[in-house]
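Novice: Any chance you could fold what I've pasted below:
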Amino acid sequence: MTNFSFRYATNPTDVKKYGTDELRDQFLIEKLFVENEIQLTYSMYDRYIVGGIMPVNGSLKLETIPYLKSENFLDRRELGIINVGGSGTVTVDGVQYDLQKKEALYVGQGCKEVVFAGANGEQPLFYINSAPAHKKFPNKKVGKEDAEVIQLGEEKTANRRVLNKLIVNSIVETCQLQMGLTELLAGNVWNTMPAHTHNRRMEAYFYFDLEAPQTVCHFMGEPQNTRHIFMQNHQAVLSPEWSIHSGAGTSNYSFIWGMAGENLDYGDMDIVAPNELR
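Specialist: Numbering: from 1, shown residues only. I've put the predicted structure just below:
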């Protein structure tokens, strides 16, 4: 079963007037994992799709949705998958890929059938991002050993973290989709600080490995007019191209970042110093 929702893009001038409920309605994706269902959110930010897939009793097939006006989901799209649960499999046009927790799979434009299932009696949780694509690139699994790993931050600023580039152009050929995973070390709570924007790309964040009842305060908005959204484990948030995207938790956590837009330059960021934020 596939459930889908739609989000319009927003104007930063309008967002300045939003209260708590409006911010959450427009940007927060609260429920991504439901047993035996595929949950999809289609956004008008670069026509980016964010989703969660939780196969419990058997497998789940990724079907097209009305917004795509296509016979198959990937007729004009590419797909990134990261498993954030137990062992699972993704079968693409008859070829099976085994995914452990924090492993990724890129699926190129034009693939007809993508099927998700559990493995070894474990419960996988497949987090997916998808963007329009104009060309087919080869499908590729990115295991833990294949990631490009960068150590970032310092203990004194509470943002020591490990960034794992997974679906990026130094590892996988894509049209515009980029995805990676960042893990905050124990005792560290800040992500993406100093903050930044990039008018060339939108971004989506997905928070996980956050123990209950802890929370993450996700910061967004224009650098001189910021807003915040309190988020729980396994929730995602859309970040427009004009918005910062940063967060601080009441404990450490991990998050997945996904991007699409004008270029594939990971370093294309307009940095905002901490003391410049308002």
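Novice: Identify the bridge partners of Glu183.
Specialist: Beta bridges link Glu183 to Val162, Ser254 when assigned by DSSP bridges.
Novice: Test my guess that it contacts Asn159.
Specialist: No: assessed by CB atoms under 8 Å, Glu183 is found out of contact with Asn159, at 12.0 Å. Using the backbone N, CA and C atoms, a C-beta is placed for each residue, glycine as well.
Novice: Neighbour count for those two, which is higher?
Specialist: Set Glu183 next to Asn159 and count neighbours by other CB atoms under 10 Å: Asn159 wins out with 20 against 17.
Novice: so that one, which of the three states?
Specialist: Assigned with DSSP: H, G, I helix; E, B strand; the rest coil, Asn159 falls in the coil class.
Novice: That one contacts Met193, doesn't it?
Specialist: Yes: in this structure, Asn159 is within contact of Met193 by CB under 8 Å, at 5.5 Å.
Novice: ok, the closest residue in space to Phe255 that isn't next to it in sequence - contacts?
Specialist: Among residues not flanking Phe255 along the chain, Tyr207 sits closest, at 4.9 Å (CB to CB, 6 or more residues apart in numbering). Residues near Tyr207 by CB atoms under 8 Å, 6 or more residues apart in numbering: Val216, His218, Met231, Gln232, Asn233, His234, Gln235, Ala236, Gly247, Tyr253, Ser254, Phe255.
Novice: So which of the residues you listed are in helices?
Specialist: Assignment to helices by DSSP state H places none of these there.
Novice: export these to JSON lines and tack on pLDDT and distance to Arg76?
Specialist: Formatted as JSON lines, the contacts of Tyr207 follow (pLDDT from 0 to 100; distance: CB to CB, whole Å):
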{"residue": "Val216", "pLDDT": "98", "distance to Arg76": "34"}
{"residue": "His218", "pLDDT": "98", "distance to Arg76": "31"}
{"residue": "Met231", "pLDDT": "98", "distance to Arg76": "31"}
{"residue": "Gln232", "pLDDT": "98", "distance to Arg76": "33"}
{"residue": "Asn233", "pLDDT": "98", "distance to Arg76": "33"}
{"residue": "His234", "pLDDT": "98", "distance to Arg76": "29"}
{"residue": "Gln235", "pLDDT": "98", "distance to Arg76": "28"}
{"residue": "Ala236", "pLDDT": "98", "distance to Arg76": "23"}
{"residue": "Gly247", "pLDDT": "96", "distance to Arg76": "32"}
{"residue": "Tyr253", "pLDDT": "98", "distance to Arg76": "34"}
{"residue": "Ser254", "pLDDT": "98", "distance to Arg76": "31"}
{"residue": "Phe255", "pLDDT": "98", "distance to Arg76": "28"}
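Novice: Now, of these, which are buried?
Specialist: Using 16 or more other CB atoms under 10 Å as the burial test, these include Val216, His218, Met231, Asn233, His234, Gln235, Ala236, Gly247, Tyr253, Ser254, Phe255 as buried.
Novice: And the residues you listed, which is closest to Gln109?
Specialist: Ala236 (23.0 Å; CB to CB).
Novice: Around the closest residue to Val272 other than its chain neighbours, how many other residues sit close by?
Specialist: Ranked by CB to CB, 6+ apart and with sequence neighbours excluded, the top spatial neighbour of Val272 is Pro223, at 4.4 Å. Applying other CB under 10 Å, we find 18 residues neighbouring Pro223.
Novice: shift numbering so it begins at 54
Specialist: In the new count, where the first residue is 54, that last one comes out as Pro276.
Novice: Isn't Pro276 up against Ala326?
Specialist: No: between Pro276 and Ala326 there is no contact under CB under 8 Å: 9.4 Å.
Novice: which regions of the protein sit below the pLDDT cut-off?
Specialist: Residue ranges of the chain with pLDDT under 70: none are present.
Novice: Just the helices from it, written as ranges.
Specialist: Ranges of helices in the chain, per DSSP H, are 65-68, 73-80.
Novice: ok so, going back, the residue nearest to Val325 and Ile203: what is the separation?
Specialist: Distance of Pro276 to Ile203, given as CB to CB, to the nearest Å: 24 Å.
Novice: And for His281?
Specialist: On the measure of CB to CB, His281 and Ile203 end up 27 Å apart.
Novice: Of those two, which one has the most company?
Specialist: Just comparing His281 and Ile203: by other CB under 10 Å the higher neighbour count belongs to His281, 15 against 12.
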